[in-house]
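Asks: Okay, sequence plus prediction incoming.
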Protein chains: 2
Amino acid sequence: MATGRNHRPATRSRGIPEATVARLPLYLRALTALSERSVPTVSSEELAAAAGVNSAKLRKDFSYLGSYGTRGVGYDVEYLVYQISRELGLTQDWPVVIVGIGNLGAALANYGGFASRGFRVAALIDADPAMAGKPVAGIAVQHTDELERIISDNGVSIGVIATPAGAAQQVCERLVAAGVTSILNFAPTVLSVPDGVDVRKVDLSIELQILAFHEQRKAGEEAEASARKGPDGDMPAVMPA
Amino acid sequence: MATGRNHRPATRSRGIPEATVARLPLYLRALTALSERSVPTVSSEELAAAAGVNSAKLRKDFSYLGSYGTRGVGYDVEYLVYQISRELGLTQDWPVVIVGIGNLGAALANYGGFASRGFRVAALIDADPAMAGKPVAGIAVQHTDELERIISDNGVSIGVIATPAGAAQQVCERLVAAGVTSILNFAPTVLSVPDGVDVRKVDLSIELQILAFHEQRKAGEEAEASARKGPDGDMPAVMPA
DNA sequence: CCATCTTTGTGCACGCGTTCACAAAGACAT
DNA sequence: ATGTCTTTGTGAACGCGTGCACAAAGATGG
C-alpha cells in the first residue's frame, strides 16, 4: 500500500464496501491476463489464487456487484472484465494531470499502466520555467501558470501531485479550486481538502518504515530464540531535559 | 496503501496492531517537523491534527508503545521521536537494494526520503548490460549477475523491485534466495513468497482506479440530484453511460 | 496543602471486514 | 428425467479497528 487511507468516513447507502473496491482492480488485472490467454471461464478458486486472495472473499466481493457466476462452472472471463470495468468507471476516459515533473513525475508520465486502463495523461505541469516546453514521455511540459486553464479546458477531475512536500498543499488547493475532485498524492505531506474531494496517498518512505518494523521484529525473535533476555531497556541516548 | 496489504495473518499477542504500525511513520514525520522548529512538547490534539488523524486514535496508538505522555502537558517531542524511531527500527541503518533502474527506479534512487530515515541505498541493480557502470543518483548501476554477491556482502535484508511486471517474480525469488526478507514491490504483479518474507506493494494503476470509482460515483450522484431538481448543474463534459 | 484545570490513558460499544461452512443452483452423464 | 458432482452465493460468527466518554494523573495557582 502503498499506503494510507483518506476518504470519506465509510461507504454509505447502496455502495460497495471500500475494501472490496480496493480489490477490484486486482481482480481486473488477473482477469485481463486470462482474457489475453483466451481463457473462457475461471472458478473463484483459480482467480483468487491469481489475485492472491481468499476465494470466499473473492466470491463475496463479486456478490456485491451481482450474480455474475454460474454454479458448477465459474465466471465468464470477458463478461466479468466488462462488469468490473464498468463498476470502476473505466469504460470512460479519464483525463489526468501530473503536477511536478521531477524524477517521479517523469516516471509516472512514462508509466504504461495508465493509458491501458482508461486513463489519459492530459498534461504535465511544472513550476520550473526551464522545464516548460520540454517533452517528457512525448508530452510537452507546461508551466504552473497554465494549471487552471488546462484543468478547465480538458475537464480534468483527477490530479496527481508529485511535487516536493513544500509545494504540495498549495498545488492541491489550486487543483481543487480549478475543479479537480480526486487527488493522488506522492508528496510526503498530509493534504487538507474540502469535503467531497478524495485524496489517496502513496508514500514510499512510510512503506519502507513499515517493512523495517517487521524486519526488526523478525531479527528480535531470532535473538530471543538464542538469548532469553528482554530487549526492553531504555537507551538514554536522547533523554529529554 | 496505499494499497494492498500482504503480511502475516494477524498481530501477535504482544505485538503492536498493524494499523498502528502503519501510522507510526506518519506521527514520526509530524514530530520531526515539530522538532526542527524546536517545539518542546505537543498535545495529542495538536499532533493528531498535524498527522491528519483522530486524537483518541493517536493516544491509543501511543498507549501500545507505553506511557510516554504527561497528563496536563502532552508529549515530549524529542523523547517521542526517539521512542517511535526505536520501535520502527530506524535507529539502525538499513541497507536497501533497488532492482530495475528505469524511470521509476531512478526516481526512487534519487528520493531523499530514504536516507533521512535510516535507509541507505546500498546498490542499484539492472538487467540491462548497457546500464552497468552508469551513475544514477551518484551510485554506479550494477548488473543483475552481481545480485547475490551484493546482497550477501552488504547484509541487505530489504529489497525494492521496480522492474517490469514480467521480471518481478524471478527477481523476487533471487532476492529471497540471497537472504532478503522484506520486499517493496512496485511491479504490477502478485508476488508469491515463502513464509517469513514480508511483501508490501505500491501500485500506481490501482490507486488511480480506486479514485476513478469514487469519481464516477460522485458524477452519478450529481446526475441523480440534478435529475430530481432540474437542469441546473454544470454540464458534465463526460457523461457516464 | 488544597482546589482547579488540563490532558492523558483506556474501558466499552459499535461497525466493518474476513472467514467458515453449507444450502442452493446449475452442468453433465447416464 | 434423475442422480451426481462441481461451484457459487450467503448467513452467521468472529476479530480487529475506531471513536466516545470519562476517570485518573499530574501541573498550576492560591
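Replies: Done, it's in.

Asks: for chain A, what are the low-confidence residue spans?
Replies: For chain A, the stretches flagged by pLDDT under 70 are A:1-14, A:222, A:224-241.

Asks: neighbouring strands for the longest strand along it, and are they parallel or not?
Replies: When chain A is parsed with DSSP state E, its longest strand is strand A:119-126. Sheet partners assigned to strand A:119-126 using DSSP bridges are listed as strand A:94-99 (parallel), strand A:139-143 (parallel).

Asks: Tell me which of those strands sits most buried.
Replies: Most buried of those by mean neighbour count (mean count of other Cβ atoms under 10 Å in any protein chain shown) is strand A:94-99; its value is a mean of 24. For the C-beta atoms, the positions are set from N, CA and C on the backbone; glycine is no exception.

Asks: Extract the C-alpha trace of that strand and format it as PDB.
Replies: This file holds the C-alpha atoms of strand A:94-99, laid out as PDB (Å, rounded to 0.1, in the frame of the first residue of the first chain):
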ATOM      1  CA  TRP A  94     -10.300   9.900 -17.500                       C
ATOM      2  CA  PRO A  95      -8.000  12.800 -18.300                       C
ATOM      3  CA  VAL A  96      -5.300  13.200 -15.700                       C
ATOM      4  CA  VAL A  97      -2.800  15.900 -15.000                       C
ATOM      5  CA  ILE A  98       0.500  15.300 -13.300                       C
ATOM      6  CA  VAL A  99       2.000  18.200 -11.400                       C
END
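
Asks: one step back: out of the strands paired with strand A:119-126, which comes closest to DNA strand D?
Replies: Nearest to DNA strand D, of all those, is strand A:94-99, at 28.3 Å by Cβ to the nearest atom of the strand.

Asks: quick one on the thing from earlier: got JSON lines for the strands paired with strand A:119-126, with distance to DNA strand C too?
Replies: Putting the strands paired with strand A:119-126 into JSON lines (distance: least, Cβ to the nearest atom of the strand, whole Å) gives the following:
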{"stretch": "strand A:94-99", "distance to DNA strand C": "24"}
{"stretch": "strand A:139-143", "distance to DNA strand C": "36"}
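
Asks: follow-up on the earlier one: show me what the longest strand of chain A is in contact with.
Replies: With contacts defined as Cβ atoms under 8 Å, 6 or more residues apart in numbering or on different chains, strand A:119-126 is touched by A:93-101, A:105, A:109, A:114-115, A:132, A:136-137, A:139-144, A:146-147, A:150, A:154, A:156, A:158, B:208, B:212.

Asks: The strands paired with strand A:119-126 into a markdown table, with extra columns for distance to residue B:119?
Replies: Formatted as a markdown table, the strands paired with strand A:119-126 follow (distance: least, Cβ to Cβ, whole Å):
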| stretch | distance to residue B:119 |
| --- | --- |
| strand A:94-99 | 26 |
| strand A:139-143 | 30 |
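
Asks: Looking at those strands, spot the one closest to residue B:217.
Replies: strand A:94-99 (13.5 Å; Cβ to Cβ).

Asks: And the helix or strand just after the closest one, what's buried?
Replies: Moving toward the C-terminus from strand A:94-99, the next helix or strand (DSSP states H and E) is helix A:103-110. By 16 or more other Cβ atoms under 10 Å in any protein chain shown, the buried positions in helix A:103-110 come out as A:103-109.

Asks: Just give me the closest of those residues to residue B:216.
Replies: Nearest to residue B:216 among those: residue A:108, at 21.7 Å, using Cβ to Cβ.

Asks: and the end-to-end length of stretch A:91-102?
Replies: End-to-end distance for stretch A:91-102, by Cα to Cα, to the nearest Å: 31 Å.

Asks: Relative to the whole chain's centre, how far out is that stretch?
Replies: Put simply, stretch A:91-102 sits 13 Å off its chain's centre (Cα atoms, centre = their mean, to the nearest Å).

Asks: who are the neighbours in contact with residue A:113?
Replies: Counting by Cβ under 8 Å, 6+ apart, residue A:113 makes contact with B:188, B:204-205.

Asks: Backbone dihedrals for it, please?
Replies: Reported as degrees, to the nearest 10, the phi and psi values for residue A:113 are phi -60, psi -20.

Asks: where's it relative to DNA strand D, distance?
Replies: To DNA strand D, residue A:113 is 27 Å away according to Cβ to the nearest atom of the strand, to the nearest Å.

Asks: Just to be sure, residue A:213 is in a helix?
Replies: Yes: counting by DSSP: H, G, I helix; E, B strand; the rest coil, residue A:213 is located in a helix.
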